[in-house]
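J.: Pasted the sequence and its predicted model underneath.
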Amino acid sequence: MHLKEIISFSLVSLLAISLSSCVKREISCIGTMNRIIYEQIVRTEESKKFAVLINGSNEARHRNNILKAYNMLLSQDFERDYIFVLDSEGYSKDYRVDDIATKESISTLLNYVRCKVKKEDLLFIYCTGHGGKRKNIFKKNEATLSLHEENISVSEFDAIIRQLNECPGIIVYDQCYSGNFAKVTGHGNFIAVSATSPERLTNLDTFADAFFQSWQNSKADANGDGKISLYESIKDTKTNDILTQLGSNIPQIIYDNLDPKKIFLK
């Protein structure tokens with residue numbers, strides 16, 4: 001083989017190796033798109049319940065919150081194929097993770113869900129992790145939710161949520177300053193719930209524990225109609241969250257068009 005041919009062969013080989021490694025990296029980073037492409041949801045005439053669980057923290061307690069939310073949804077007859085998870089690590093041994101939690105994956109996933117839901121469906125969104133504040137373009141403090149190596153502001157999140165105007169929805173936040181997210185996104189067809197008020201930090205995960213347990217607590221059914229409404233769930237949560245009782249957590253429920261007494265998970 002001549003030197004020119006050897007050099008040409010080597011360059012082609014290097015290019016093939018480079019392209020191969022790029023393809024492998026890309027596949028590992030498009031879990032959401034893979035599910036959208038290869039696991040198309042087959043719709044029927046009956047109403048469906050969708051859920052999107054978002055965690056941007058790699059701490060065990062926040063990942064455990066996702067597991068609690070996941071198990072609670074299953075107990076309320078949500079189907080596994082209709083529960084989407086965006087996590088900080090991109091994997092879990094306890095539940096299927098669709099992608100790493102980033103602004104792009106959140107937007108992609110919720111846009112996909114927007115195309116699937118109908119007005120008789122229900123959408124449940126849960127956000128956990130760390131909350132913070134940063135200056136926006138107007139030099140004013142704005143609440144943020146930590147994601148994988150980035151943050152999403154409340155205005156950025158609300159811009160995505162406003163596109164989901166087809167079916168009723170519940171959004172639950174338990175990060176610090178979560179009241180800001182509830183205040184901004186609790187409008188239209190969404191009822192927003194937060195662990196605390198806009199200016200407060202949250203402590204531990206007592207709110208999440210009490211909230212998820214309330215849906216499986218028969219005592220939460222205050223009016224005895226055999227089912228638990230969002231209103232009854234929040235009331236039970238406030239009673240059983242020790243930090244709410246001590247005044248550290250101040251849960252918020254924000255809404256305008258929907259009645260939390262008429263919203264049920266099951």
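T.: On my side now, so go ahead.
J.: how about the helices of the stretch 51-200 of the chain, start to end?
T.: 60-75, 103-116, 154-161, 178-185 (DSSP state H, counting those that start in this stretch).
J.: which residues sit in contact with the residue lying closest to Gln163 once chain neighbours are set aside?
T.: In space, and not counting its chain neighbours, Gln163 is closest to Arg114: 5.6 Å by CB to CB, 6 or more residues apart in numbering. Just so you know, the C-beta spots here come from the backbone N, C-alpha and C atoms, and that holds for glycine as well. For Arg114, the contact set (CB atoms under 8 Å, 6 or more residues apart in numbering) comprises 163-164, 166.
J.: Now the buried members of those residues.
T.: Neighbour-count burial (16 or more other CB atoms under 10 Å) applied to these gives 164, 166.
J.: May I ask which of the contacts of Arg114 comes out lowest in pLDDT?
T.: Lowest pLDDT within the contacts of Arg114 is found at Glu166 (80).
J.: My guess is that one contacts Val117. True?
T.: Yes: counting by CB atoms under 8 Å, Val117 is a contact partner of Glu166 at 5.0 Å.
J.: in the chain, which spans are strands?
T.: Assigned strands in the chain, in chain order: 49-55, 83-87, 99-100, 122-128, 131-135, 141-146, 151-153, 169-173, 190-194, 252-254 (criterion: DSSP state E).
J.: Which of those sits closest to Thr202?
T.: The closest of these to Thr202 is strand 131-135. By CB to CB, the value is 7.6 Å.
J.: Give me the buried stretch members for the closest one, please.
T.: Here strand 131-135 shows 131, 133 as buried, counting by 16+ other CB under 10 Å.
J.: mind giving me the domain ranges of the chain?
T.: What automatic domain parsing lists as the domains of the chain is 1-40, 48-262.
J.: Would you mind finding the most buried of those?
T.: domain 48-262 (a mean of 19; mean count of other CB atoms under 10 Å).
J.: Output the below-cut-off pLDDT ranges for the stretch 1-150 of the chain.
T.: The model of the stretch 1-150 of the chain has pLDDT under 70 over residues 1-45, 137-139.
J.: just to revisit the earlier point, let's have the helices of the stretch 51-200 of the chain in JSON lines, adding distance to Ile171.
T.: Listed next are the helices of the stretch 51-200 of the chain as JSON lines, based on distance: least, CB to CB, whole Å:
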{"stretch": "helix 60-75", "distance to Ile171": "12"}
{"stretch": "helix 103-116", "distance to Ile171": "11"}
{"stretch": "helix 154-161", "distance to Ile171": "7"}
{"stretch": "helix 178-185", "distance to Ile171": "6"}
